[in-house]
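Novice: With the input below, show me the fold.
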Amino acid sequence: MVFFVLGATNSLNLLDGLDGLCAGVTVIITAAMLVLAIHLGTWGSNKVGDPIRLIICLGLVGGVCGFLPFNRHPAKIFMGDAGSMLLGFVVAALMILFAEKAVRWWMASIMVFGLPILDTAVALVRRLINGRPLFVSDRGHIYDQMIDRGIPLKKTVKICYGLAGVYALIGLAFSIRIRARYALIVYVAVFVVSAIAVWRKGFLKMEGLRGAIRK
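Specialist: Numbering: from 1, shown residues only. Here you go, the predicted structure:
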């Protein structure tokens, strides 16, 4: 559980590389988790309407929505490591809270958190297969590679928002009354599709010490 919290915390921290990126993705993630919490409360998770998850989700959504307009490009303020790691830690705690209800709710919350997991996995695997140090920073993140390939910053951020939204919608689909084993099949399918897309787009290739393959 400690490694789960550390991994989720650092995944969101590593996503804080462009103006408005981490904050906007966090809004999408926490909004989706708010829907999950509302669903749990509505369908009788407990008699008082699942207050802990609801309050945490509402607090995160409200706080980050208030911060995002000032963090969009060109950013006037920045959250820094302290802000992004705090958000990551709270979201990790939320996912653990969802695990209290049933396995599929935990799986749903992890799927909602899919983009930070994908971005961190791509960066680490890319360094590993290219013989680079795992913990030395480079331009291995998905958003860095988009910028290096000539995609404008604002468009890169919007694409990442779209990807976060897709993972969030898939995670919300898990809230339908399906069994954990069927949810696991969806998990595997999403993993395979994501891996193929990353490989086909060349995000695992590396040129030089810090650069991405330019196209």
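Novice: Show me the shaky parts of the chain.
Specialist: 43-50, 177-178, 180, 207-215 (pLDDT under 70).
Novice: Could you pull out the helices in it for me?
Specialist: With helices called from DSSP state H, the chain shows them at 2-14, 21-42, 51-71, 80-99, 103-112, 114-129, 142-148, 153-173, 180-200.
Novice: right, and these - which one's nearest residue 206?
Specialist: Judged by C-beta to C-beta, the one of the helices of the chain that comes nearest to residue 206 is helix 114-129, at 6.0 Å. All C-beta spots, glycine's among them, are computed from the backbone N, C-alpha and C.
Novice: follow-up on the earlier one: could you dump the helices of the chain to CSV with mean neighbour count?
Specialist: Output for the helices of the chain, formatted as CSV (neighbours: other C-beta atoms under 10 Å):
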stretch, mean neighbour count
helix 2-14, 17
helix 21-42, 22
helix 51-71, 16
helix 80-99, 19
helix 103-112, 22
helix 114-129, 20
helix 142-148, 21
helix 153-173, 18
helix 180-200, 13
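Novice: Spatially nearest residue to the residue positioned nearest the centre of the chain, not counting backbone neighbours?
Specialist: Taking C-alpha atoms, centre = their mean, the centroid of the chain lies closest to residue 116, which sits 3.2 Å from it. With sequence-adjacent residues excluded and distances taken as C-beta to C-beta, 6 or more residues apart in numbering, residue 116 is closest to residue 11, at 3.8 Å.
Novice: And residue 187, by the same measure?
Specialist: residue 107 (6.6 Å).
Novice: surely the one you found meets residue 190?
Specialist: No - Residue 107 lies out of contact with residue 190 (C-beta atoms under 8 Å); the separation is 10.9 Å.
Novice: distance between the ends of stretch 42-60?
Specialist: Stretch 42-60 stretches 20 Å from its first residue to its last (C-alpha to C-alpha, to the nearest Å).
Novice: could we number from 472 for the rest of this?
Specialist: Happy to do that; since the first residue is 472 now, the last one works out to stretch 513-531.
Novice: Touching, residue 504 and residue 582? I think so.
Specialist: No - using C-beta under 8 Å, residue 504 is not in contact with residue 582; the gap is 10.8 Å.
Novice: Quick check: neighbours shared by the two?
Specialist: Common contacts of residue 504 and residue 582 (C-beta atoms under 8 Å, 6 or more residues apart in numbering): none found.
Novice: Redo the helices of the chain as CSV? Include distance to residue 677.
Specialist: Formatted as CSV, the helices of the chain follow (distance: least, C-beta to C-beta, whole Å):
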stretch, distance to residue 677
helix 473-485, 17
helix 492-513, 22
helix 522-542, 29
helix 551-570, 25
helix 574-583, 28
helix 585-600, 6
helix 613-619, 10
helix 624-644, 19
helix 651-671, 13
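Novice: Quick check: which of these is nearest to residue 607?
Specialist: helix 585-600 (7.7 Å).
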